[in-house]
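A.B. asks: Here you go, sequence then predicted model.
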Amino acid sequence: QVELVESGGGLVQAGGSLRLSCADTSRTRIAYSMGWFRQRPGNEREFVALITWNGADTDYSDSVKGRFTISRDSAKNQMYLQMNSLMPEDAAVYYCTAGGTKTALREGRSDYWGQGTQVTVSS
């Protein structure tokens, strides 16, 4: 059973940066694609970014492309989301997710989800 724990959320001014982390606290060490989703108040959960099991391929939503960077350290069972040039519309609860195909993950049909971490951006 994969267990995902997010950290790194907080309050930042517009234009600032944050780095989110996602730790897979399980001991299964199964290779899988991982990604980030976010949910803004009153909105559905939306795809942000994903990275394949070996880090060779990444994908981003148009709204974050060029500002956010996803990466992973498989040896440490960690995944990261570096968020730069943050805007008020980036404020949301960010969720880490893992498992399934790239397509399934991008569509929010992955197998495992964390509890989320809040990102607040002040204008």
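C.D. replies: Ah, there it is.
A.B. asks: just the strands in the chain please.
C.D. replies: With strands called from DSSP state E, the chain shows them at 4-7, 10-13, 18-24, 34-39, 46-51, 58-60, 68-73, 78-83, 92-98, 112-113, 117-122.
A.B. asks: number of nearby residues for the closest residue to residue 106 other than its chain neighbours?
C.D. replies: Of all residues not flanking residue 106 in the chain, residue 47 sits nearest, at 5.4 Å (C-beta to C-beta, 6 or more residues apart in numbering). To be clear about C-beta, it is placed using only N, CA and C from the backbone, and glycine gets the same treatment. Residue 47 is flanked by 19 other residues according to other C-beta atoms under 10 Å.
A.B. asks: so what's residue 47 up against?
C.D. replies: When contacts are counted by C-beta atoms under 8 Å, 6 or more residues apart in numbering, residue 47 touches 35, 37, 61, 106, 107, 108.
A.B. asks: can you check residue 55 too?
C.D. replies: Counted by C-beta under 8 Å, 6+ apart, residue 55 has contacts 71, 72, 74.
A.B. asks: Quick check: closest non-adjacent residue to residue 63.
C.D. replies: Using C-beta to C-beta, 6+ apart, the nearest residue to residue 63 is residue 89, at 7.8 Å.
A.B. asks: Residue 119 too?
C.D. replies: Counting by C-beta to C-beta, 6+ apart, the residue nearest residue 119 is residue 9, at 4.9 Å.
A.B. asks: wouldn't the one you found be in contact with residue 121 here?
C.D. replies: No - the criterion here is C-beta atoms under 8 Å, and residue 9 misses it with residue 121 at 10.9 Å.
A.B. asks: Let's check: the centremost residue of the chain is which one?
C.D. replies: Residue closest to the average C-alpha location in the chain (C-alpha atoms, centre = their mean): residue 36, at 2.4 Å.
A.B. asks: you'd agree residue 118 is up against residue 9?
C.D. replies: Yes - using C-beta under 8 Å, residue 118 is in contact with residue 9, at 4.8 Å.
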